[in-house]
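1. give me a model of this one.
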Amino acid sequence: MKSVLKIFICIFLPACALAQQDNLNQLKVKLRALELKKDYRSDKDYLNTLSKIAFIYADSHPDSALLILPALSENCRSSGYSIGEVDAFNVYGNTYQTMGDFEKALEYYERAYNLAEKINYKKTLPGLLGNIGVAYLNQGNYPLALQKFYASLKAAESAGDKQVILSSLNNMGTINFYQGKMNDAEIAYQKTLAIAIEIADTASITLAYNNLGEVNLEQNNPLKALQNLSTAYQLAKLKKNSGILVAVTNSLGDTYFKLDSTQKAHDFFQNALLLSEQQGNARAACKALLGLAKVQNSKGLQKEALANGLKGLQKARDMSQPQLLRDAYEIVANIYEGMGDGTNAIKYFRNFKTYSDSLQSLESERIAANYKAENEFSKKELEFERKTLQQRWLIFSAFAATFSLLVIVWIVNRNRKKLSHTYKDLQLKNIIIEGQKLKAEETLNKLKEAQTQLIQSEKMASLGELTAGIAHEIQNPLNFVNNFSEVNKELLTEMKDELDKGNTGEAKAIANDVIENEEKINHHGKRAEAIVKGMLQHSRSSSGTKEPTDINALCDEYLRLSYHGLRAKDKSFNATMKTDFDETIGKTNIIPQDIGRVILNLLTNAFYVVDEKKKSGIEDYEPTVSISTKKTGNKVEIKVTDNGNGIPQKILDKIFQPFFTTKPTGKGTGLGLSMSYDIVTKGHGGELKVETEEGKGTQFIIILNI
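-> Numbering: from 1, shown residues only. Okay, here's the model as predicted:
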C-alpha cells in the first residue's frame, strides 16, 4: 500500500518555517496580552499571532482552525491587511487538505495566489504554486500538479528560497513514487533530505526519512525501510509533530507487515487510527483502516478485515482521493477473493485497475520530460553566461595576480612572526592547563576519600544504634545465665548432702533439675552468642557471600534491637510494634549482615518519624511501626510500615539520592537509604520501593528473589 501522507505543503505565514516549533501555549498567552489593546482586531501583531495558531491547528486539529479562520480573514480584509488575508487563505487551504476536501483546498490556494499576485506579494508566490500543485496531486491530476511544481521550483531557484525548492523536489518525488518510478523518487527524496539538513528544518528532515523508508519498502528492502522510518518516528515524537507522526506510524505498520510481524503491524495501524481520529486527519485514518484490513485478512479474520476495508474505501470516496481509492479497491478485492466471493472480487478488482491505470499517466510523464529538459536548458544558459564572465575576469586577474603575490609575501612574513609569538603563548597555556589538571585530579582523590569516610560514618552510626539495642537485649540472656548458675550451685550442694545421707533417689531428682537448668543456661548462652555475632556481622564490611538465612528471625531480631537502641537514647520514647511473618518462607540465600543493615535502617527511620509525629502534640495518636514478610511466587516481600506524617510528593524522587536527608543537621548523613537501595538492587538483584500518603504514613517494601 502506498502512502498519501508524504506531501510537503508550503504555508508561508510570517516566520512560518518556525511555526510548528512555536509553543502553542506561548502563542495563546501572547494573543491574550494583545487582546488587551484597543482595536486589537486590526493590529497586525495580533493578526499574525492568530495566523500562527491557526497554522498549527490546521495540521493537527483542523476543526479548531476552521473556528478561527473566518474571523481572521474578515479582520484582515476590513483592516486592509492584504498580506494577512493571503496567509489566512493559505491556512484555509492547508486545513481542507488535512480534512481531505481537496476541491475546497484548491479553491482557497488559488484565492491566495490571485490576491498575492494582485498586491505584488512576491515572496509567497513560489510556495503558493507548490500548494496548488499539492491540491492537484491529491485529486490525481498529475499533469497539472507537475506544471505547478516545476513552476514553483523555477521561481524558488531564482529567489534562492531553499524551503520552497525542498518542498517542490519532495512533491515531484511523490509523483514518481505513485507512478512506481522508485529510483527517481529516491533521488528526489535524497535531495530533499540534504537541503533539509542544510537549513536545519527538522520537520522536513523527518518527512524525508519517512519518504525514503517507503521507497525502500517498495524496493523490497524492509530492513533499510525500518531503519529510516525508525529515525523519522523518533524525530516526530521528539518534536511532537503530530501530523508527521501519524504518517510515520502508518508507514511502520506497512513495514512490519512486510516483515511478517503482523501483531506489531496491527498495533501501529491501530495507533495511527487513534491519532488520525484525534487530529481529524481523514487521509491518515483511511490509510490506517486499510492497513488494519490488510493485517486482519492475512490472519484469516475476513469479517473484521472487510468491515475496515469498506470503511477505508468510503473515506477514500468521500475525499475523491485516487491513490487511496486504488489501494482500497485492491485490498477489498483481495478480501473478497479470500472469502471465496468471486463476483465481488472481480467487481472491486476492475475498479482497482481503473484507478491504477489512471495514475500511470503518460501525459504527466511527457510534461515531466519537457519541464526537465527546459530546466536543464535554462541551467546550461546560465552556465554559458557564467563562463563568459569568467573569461573576462581572467585577463584582469592575471594583472591582479602579480600585485597580490607581493601582498601575500608581506602577509606571510608578518604572520610568521605572529605565529612564533602565538606558539610561545600556547606553550605557556599548556603548562597552566597541566597544572590545573593535576589540581583537579588531587581534588577528585580527596573527594573519593571523603566519600569513603562518609560511608564508613554511616555504617558506624547504624552500629551505634544497634549497640544500644544489643546492650538491652543481651542483658536478658545474661540474667538467665547468672540466675540459673546460682540455682545450680545450691542444687549441687543439696545433692551432695543427700548422697552423704544415702538418699540416691533424691540425689538423682536434684541431678535432673541441674541438667534442665544447664540446658537453659546453654540456650541463653547461645542467644547471647547470636546477638554478639549479629553485632559483629553488622559492624564489619560485607564478605559478599550469601548464606541460607531465616528472614523472619532476622526481621524480628532487628525490630527489637532498633526499638531498644532508640529507647537507650531517649527513655521517653515509646511505640507499638507489630509483626506479621509468613511461616512458609523458610530460609533464603542472602548476605545477612547487609540485609540486616537495610532492615535496621528502615526500622530506625520509621521509629524516628512516628516519634517526631508524637512530639508534635497530636491527640489520640499512637505511634506504631510494623514489619511483615510474605512469600509471593519466587519472591519474598519485607514491608516496614509506619503511621508517621508520610513523605511529601515533591521530595519523593530524591529520597534514595546520596546525602539527601530531611532530618535536622547532625541527625542523619543522608546515606542510609542510598546504601540500602544499593544493597537491595545491586547486591541482591531485588527491588526497594516506597509507598506513602502525606499525613498518614509510609511503607517501604523490600523484594528479594528466593
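2. please parse the chain into its domains.
-> Domain ranges of the chain: 1-160, 547-705, per automatic domain parsing.
3. same question for the last one, mean pLDDT?
-> Averaged over domain 547-705, pLDDT sits at 87.
4. closest one to residue 249 among the domains of the chain?
-> Closest to residue 249 of the domains of the chain, according to Cβ to Cβ: domain 1-160, at 10.0 Å. No exception for glycine: its C-beta is placed from N, CA and C like everyone else's.
5. pull out the buried positions in stretch 91-107.
-> 91-102, 104-107 (16 or more other Cβ atoms under 10 Å).
6. again with stretch 176-188
-> The neighbour-count check on stretch 176-188 (16+ other Cβ under 10 Å) flags 176, 177, 178, 179, 181, 182, 184, 185, 186, 188 as buried.
7. repeat that for stretch 44-59.
-> Counting neighbours by 16+ other Cβ under 10 Å, one finds that the buried residues in stretch 44-59 are 46-59.
8. and what of stretch 611-630?
-> Of all the residues in stretch 611-630, those buried under the rule 16+ other Cβ under 10 Å are 611, 613, 614, 623, 624, 625, 626, 627, 628, 629.
9. quick check: chain neighbours aside, which residue is closest to residue 696?
-> residue 646 (5.8 Å; Cβ to Cβ, 6 or more residues apart in numbering).
10. quick check: that neighbour touching residue 699?
-> No. Under the criterion of Cβ atoms under 8 Å, residue 646 makes no contact with residue 699, lying 9.8 Å away.
11. got the contact list for stretch 89-99?
-> The contact list for stretch 89-99 (Cβ atoms under 8 Å, 6 or more residues apart in numbering) reads 9, 11-13, 51, 54-55, 57-59, 62, 65-66, 69, 73, 102, 104-109, 111-112, 115, 124, 128, 131, 134-135, 138, 243, 279-283.
12. hmm, try it at 7 Å
-> Outside stretch 89-99, the residues within contact range by Cβ atoms under 7 Å, 6 or more residues apart in numbering are 9, 11-12, 51, 54-55, 58-59, 62, 65-66, 69, 73, 104-105, 108-109, 111-112, 115, 131, 134, 280-282.
13. same check, this time on stretch 263-280
-> Residues from elsewhere that reach stretch 263-280, judged by Cβ under 7 Å, 6+ apart: 60-63, 98-99, 242, 245-246, 249-250, 252-253, 256-257, 284-285, 288-289, 291-292, 295.
14. any idea how far residue 503 is from residue 494?
-> Here residue 503 is placed at a distance of 10 Å from residue 494 (Cβ to Cβ, to the nearest Å).
15. leaving aside the residues next to it on the chain, what's closest to residue 133?
-> That would be residue 148: by Cβ to Cβ, 6+ apart, it lies 3.1 Å from residue 133.
16. one step back: from the buried residues of stretch 91-107, which single one is nearest residue 322?
-> residue 102 (10.2 Å).
17. hang on, that closest one packs against residue 136?
-> No. Counting by Cβ atoms under 7 Å, residue 102 stays clear of residue 136, with 8.4 Å between them.
18. picking that back up, burial measure for the residue nearest to residue 133, as a count.
-> 24 (other Cβ atoms under 10 Å).
19. ok, now residue 29?
-> Neighbours of residue 29 using other Cβ under 10 Å come to 12.
20. still on that earlier bit, list residues touching both of residue 102 and residue 136?
-> By Cβ under 7 Å, 6+ apart, residue 102 and residue 136 have no common neighbours.
21. want to try JSON lines for the buried residues of stretch 176-188, with secondary structure, distance to residue 319 and pLDDT as columns?
-> Formatted as JSON lines, those follow (DSSP: H, G, I helix; E, B strand; the rest coil; distance: Cβ to Cβ, whole Å; pLDDT from 0 to 100):
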{"residue": "176", "secondary structure": "helix", "distance to residue 319": "22", "pLDDT": "81"}
{"residue": "177", "secondary structure": "helix", "distance to residue 319": "19", "pLDDT": "82"}
{"residue": "178", "secondary structure": "helix", "distance to residue 319": "15", "pLDDT": "78"}
{"residue": "179", "secondary structure": "coil", "distance to residue 319": "20", "pLDDT": "75"}
{"residue": "181", "secondary structure": "coil", "distance to residue 319": "24", "pLDDT": "83"}
{"residue": "182", "secondary structure": "helix", "distance to residue 319": "25", "pLDDT": "86"}
{"residue": "184", "secondary structure": "helix", "distance to residue 319": "26", "pLDDT": "86"}
{"residue": "185", "secondary structure": "helix", "distance to residue 319": "23", "pLDDT": "86"}
{"residue": "186", "secondary structure": "helix", "distance to residue 319": "27", "pLDDT": "88"}
{"residue": "188", "secondary structure": "helix", "distance to residue 319": "25", "pLDDT": "86"}
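22. need those in TSV with distance to residue 194, can you?
-> Shown next, in TSV, are those (distance: Cβ to Cβ, whole Å):
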residue	distance to residue 194
176	17
177	18
178	22
179	23
181	20
182	19
184	16
185	15
186	13
188	11
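23. so which of the residues you listed comes closest to residue 513?
-> Distance to residue 513 across the buried residues of stretch 176-188 (Cβ to Cβ) is lowest for residue 186, with 100.4 Å.
24. how much space between that closest one and residue 356?
-> 21 Å.
25. flag the shaky bits of the stretch 351-500 of the chain, pLDDT-wise.
-> For the stretch 351-500 of the chain, the stretches with pLDDT under 70 are 358-410, 412-414, 416-421, 423-425, 427-428, 431-432, 448-476, 480.
26. where do the helices sit along the stretch 451-600 of the chain?
-> Counting by DSSP state H, counting those that start in this stretch, the stretch 451-600 of the chain has helices at residues 504-539, 551-569, 592-615.
27. let me know which of the ones you listed is tucked in deepest.
-> Compared across the helices of the stretch 451-600 of the chain, helix 592-615 shows the largest average neighbour count, a mean of 23 (mean count of other Cβ atoms under 10 Å).
28. separate out the buried members of the contacts of stretch 89-99.
-> Buried residues within the contacts of stretch 89-99, defined by neighbour count using 16+ other Cβ under 10 Å: 9, 11-12, 51, 54-55, 58-59, 62, 65-66, 69, 73, 104-105, 108-109, 111-112, 115, 131, 134, 280-282.
29. report the separation between the residue of the chain positioned farthest from its centre and residue 512.
-> Here the chain reaches farthest from its C-alpha mean at residue 501, the gap being 92.4 Å by Cα atoms, centre = their mean. Taking Cβ to Cβ as the measure, residue 501 falls 18 Å from residue 512.
30. returning to that earlier point: with respect to residue 166, which of the buried residues of stretch 176-188 is nearest?
-> Closest to residue 166, out of all of those and judged by Cβ to Cβ, is residue 188, at 10.4 Å.
31. from memory the closest one sits against residue 168, does it?
-> No. In this structure, residue 188 is not within contact of residue 168 by Cβ under 7 Å, at 9.5 Å.
32. just the helices in the stretch 301-450 of the chain please.
-> Secondary structure of the stretch 301-450 of the chain (DSSP H, counting those that start in this stretch): helices located at 302-319, 322-338, 342-359, 362-501.
33. relative to helix 322-338, how tilted is the third one?
-> Going back to what we said before, that points to helix 342-359. Put simply, helix 342-359 runs at 160 degrees to helix 322-338, going by axes from the mean of the first three to the mean of the last three Cα atoms, to 10 degrees.
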